[in-house]
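generate a structure from the sequence data that follows.
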Amino acid sequence: QVQLVESGGGLVQPGGSLRLSCVASGSIFSIYAMGWYRQAPGKQRELVAAITSGGSTNYADYVKGRFTISRDNAAKNTVYLQMNSLKPEDTAVYYCNADIQRLGILRSVGFWGQGTQVTVSS
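Take a look at the predicted model:
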């Protein structure tokens, strides 16, 4: 069993900041890429940011310069999303995703967290 647990969502005013965390646990052999996606009401889930096991990052254009993705260098099982200068259009459920190779399994598989709500409103 593998679990991804997100935390850090909430209500924030426009221009404010939030930091999301996601911790992977369970029968894990190795974690490759990790990322954050979001889904607003009536819209498809979209990539926000991703980071490889080597630390290379990729961002959606609409968050470049405002959001920063990072990983815990020691534990390797935690990914963060620092969100600054938040806008009302950033309101969505944010989901953590990780490409994980489980113990005793050769292939890696993508796992999802349960999501955390981020609401940007005055």
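
contacts only, for residue 40.
Listed by CB atoms under 8 Å, 6 or more residues apart in numbering, the contact set of residue 40 reads 89, 91-93. The way it works is simple: take the backbone N, C-alpha and C, and place the C-beta from them, glycine included.

which of those count as buried?
Neighbour-count burial (16 or more other CB atoms under 10 Å) applied to the contacts of residue 40 gives 91-93.

now tabulate those in CSV and tack on pLDDT.
What follows is the buried ones among the contacts of residue 40, written out as CSV (pLDDT from 0 to 100):
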residue, pLDDT
91, 98
92, 98
93, 98
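
in this protein, which residue is most central in space?
Of all residues in the chain, the one closest to the mean position by CA atoms, centre = their mean is residue 36, 2.8 Å from it.

chain center to the strand or helix carrying it: distance?
Assigned by DSSP states H and E, residue 36 belongs to strand 28-39. Mean-position distance between strand 28-39 and its chain equals 7 Å (CA atoms, centre = their mean, to the nearest Å).

residues near residue 1, how many?
Using other CB atoms under 10 Å, residue 1 has 7 other residues around it.
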